[in-house]
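[1] Please find the sequence and the predicted model below.
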Amino acid sequence: MQKLSLVDKLLFIVNSLLATMLLISFLSYYISPNTFSFISFISLSIPFLIILNLLFIIYWILKLKKQFLLSTIILLIGFQFITKFYSFSEKKVLLTNDLKVMSYNVRMFNLYNWIDEKNVDQKIYDFIKEKSPDILCIQEFHPSKELDIKYPYQYVKIRTNHNNFGHAIFSKYKIIKSGSLDFSNSSNNAIFADIVKDKDTIRVYNVHLESLKINPKEETLTQENSEKLRIRVEKAFKKQTNQADLILLHQEKATYKSIICGDFNNNAFSWVYNTLKTNKNDAFEVAGKGFGKSFDYHFPFRIDFILTDKKFEVNNFKTYDVKYSDHYPIMARINFNTN
């Protein structure tokens with residue numbers, strides 16, 4: 001470092017710390033929060049760390065300094081995380097017999113007027129009607145909003161002891177079986193429906209994992225609040241771990257290929273995501289474009305997913321920029337051929 005100026009030496013120290021943090025945070029993909037909960041907390045920072053390391057690479061290259069190699073090597077080690085953060089090209093194969101699967105956390109159709117706008121519930125309904133998904137999975141469904149969502153088949157599960165909201169699966173195709181996993185000690189849940197199209201049957205899970213209960217727009221991060229936040233988030237991570245295990249165990253007992261979609265309340269760098277993605281493709285990674293931001297925050301957080309059986313072909317994936325909830329709706333077009 002003798003050829004670096006004092007400022008550059010200080011910057012390289014910062015660069016080294018950020019690169020080390022990024023390398024350590026990659027472990028969150030493989031280590032269960034039940035084993036080491038704090039590393040899962042670090043995983044939330046991976047998108048920020050990726051961007052900061054990219055900025056350092058650009059800085060050192062512009063200065064023609066070999067220090068760019070540090071962050072470059074770390075990012076190459078975690079290259080799979082780059083593709084989860086950003087997809088460079090959208091796949092567009094739009095077939096008439098594609099199965100259109102939409103997942104949408106509607107935040108109870110704006111029941112408590114979180115969005116200062118009139119008729120948000122009706123706008124959600126109109127949007128769904130326009131896109132006309134074949135299978136629609138709604139999280140935070142509230143039955144008091146009497147929207148005329150017309151589908152021939154549906155399964156709705158309301159947790160009456162938790163604010164009277166729940167989850168719903170609507171389908172244009174026959175539902176032959178449905179049920180609820182009933183997460184314990186949680187207002188969140190996962191439901192499923194076995195859906196028949198032509199001669200094939202698939203199982204669709206509508207998942208809403210434990211919320212981290214983070215509100216960056218309102219919380220002030222004093223030292224005391226930061227510690228309380230860390231404890232609260234780590235508890236939520238552990239609940240998510242148990243919920244993911246329950247979903248996998250339930251899925252293993254099914255004889256049908258499956259799709260898991262919904263609000264994971266966690267990102268694509270987490271152990272929970274990696275666990276639920278077992279033997280599945282992330283529709284965004286296969287056919288999406290951009291950051292895939294699905295949560296309404298100034299940074300591109302992707303916490304809503306559609307995971308498909310590897311034998312299904314994902315032809316297209318979109319995140320829709322409509323601000324009728326704190327989440328954005330996502331939809332995948334899937335070639336429904338289970339042979």
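    Perfect, I can see it now. Owing to the predicted nature of the structure, the values given are computational and were not obtained by experimental measurement.

[2] Quickly list what the closest residue to Tyr256 other than its chain neighbours is bridged to.
    Once flanking residues are discounted, Tyr256 sits nearest to Arg203: 4.6 Å by Cβ to Cβ, 6 or more residues apart in numbering. C-beta here means a position set from N, CA and C on the backbone, and glycine is covered the same way. Arg203 has these beta-bridge partners by DSSP bridges: Asp194, Ser258.

[3] burial of Thr241, as a residue count?
    Neighbours of Thr241 under the rule other Cβ atoms under 10 Å: 22.

[4] Show me what the helix or strand harbouring it is packed up against.
    Using DSSP states H and E, Thr241 falls within helix 223-252. Under the contact criterion of 3 or more Cβ pairs under 8 Å, 6 or more residues apart in numbering; DSSP states H and E, helix 223-252 touches helix 37-43, strand 189-197, strand 200-208, strand 257-263, helix 271-276.

[5] one step back: what's the separation between the residue nearest to Tyr256 and Ser71?
    42 Å (Cβ to Cβ, to the nearest Å).

[6] between those two, which one's more packed in?
    Neighbours were counted for Arg203 and for Ser71 using other Cβ under 10 Å; Ser71 has more, 25 against 20.

[7] Was I right to think the more buried one contacts Leu54?
    Yes - look at Ser71 against Leu54 with Cβ atoms under 8 Å: they come within range, at 7.3 Å.

[8] For the helix or strand of the chain with the lowest mean pLDDT, what is the distance to the chain centroid?
    Sorting the helices and strands of the chain by mean pLDDT, DSSP states H and E puts helix 37-43 at the bottom, at a mean of 79. Centroid separation between helix 37-43 and its chain, computed with Cα atoms, centre = their mean, to the nearest Å, is 17 Å.

[9] from what I can see Ile82 touches Ile50, true?
    Yes - Ile82 is in contact with Ile50 according to Cβ under 8 Å; the separation is 6.8 Å.

[10] Between these two, point out the one with more neighbours.
    The neighbour count for Ile82 versus Ile50, taken as other Cβ under 10 Å, is higher for Ile50 (23 against 14).

[11] any idea of the pLDDT on the residue nearest to that one when sequence neighbours are not counted?
    Distance criterion Cβ to Cβ, 6+ apart; nearest residue to Ile50, sequence neighbours excluded, is Phe85 at 5.8 Å. Per-residue confidence at Phe85 stands at 82 (pLDDT).

[12] ditto for the one 4 residues further on
    With respect to pLDDT, Ser89 scores 78.

[13] quick one: secondary structure of it?
    Classification of Ser89 using DSSP: H, G, I helix; E, B strand; the rest coil returns coil.

[14] of all the helices and strands packed on helix 223-252, which lies closest to Asp321?
    Checking the helices and strands packed on helix 223-252 against Asp321 by Cβ to Cβ gives strand 257-263 as the closest, at 17.3 Å.

[15] Which neighbouring elements make contact with the closest one?
    Here strand 257-263 touches strand 99-105, strand 135-141, strand 200-208, helix 223-252, strand 304-309, going by 3+ Cβ pairs under 8 Å, 6+ apart.

[16] mind checking which of the ones you listed is nearest Asp8?
    Checking the helices and strands packed on strand 257-263 against Asp8 by Cβ to Cβ gives helix 223-252 as the closest, at 31.2 Å.

[17] pLDDT of that closest one, averaged?
    Averaging pLDDT along helix 223-252 gives 86.

[18] Go through that helix and flag the buried ones.
    Neighbour counts over helix 223-252 (16 or more other Cβ atoms under 10 Å) mark 229, 233-234, 236-244, 247, 250-251 as buried.

[19] For the nearest residue to Tyr104 once chain neighbours are set aside, list the residues it contacts.
    Distances taken as Cβ to Cβ, 6+ apart place Pro329 nearest to Tyr104, at 4.0 Å, with adjacent residues excluded. Neighbouring residues of Pro329 by Cβ atoms under 8 Å, 6 or more residues apart in numbering: Met102, Ser103, Tyr104, Phe127, Ile128, Lys131, Thr319, Tyr320, Val322.

[20] cool, Arg159 as well?
    Listed by Cβ under 8 Å, 6+ apart, the contact partners of Arg159 are Phe165, Gly166, Ser187, Asn189.
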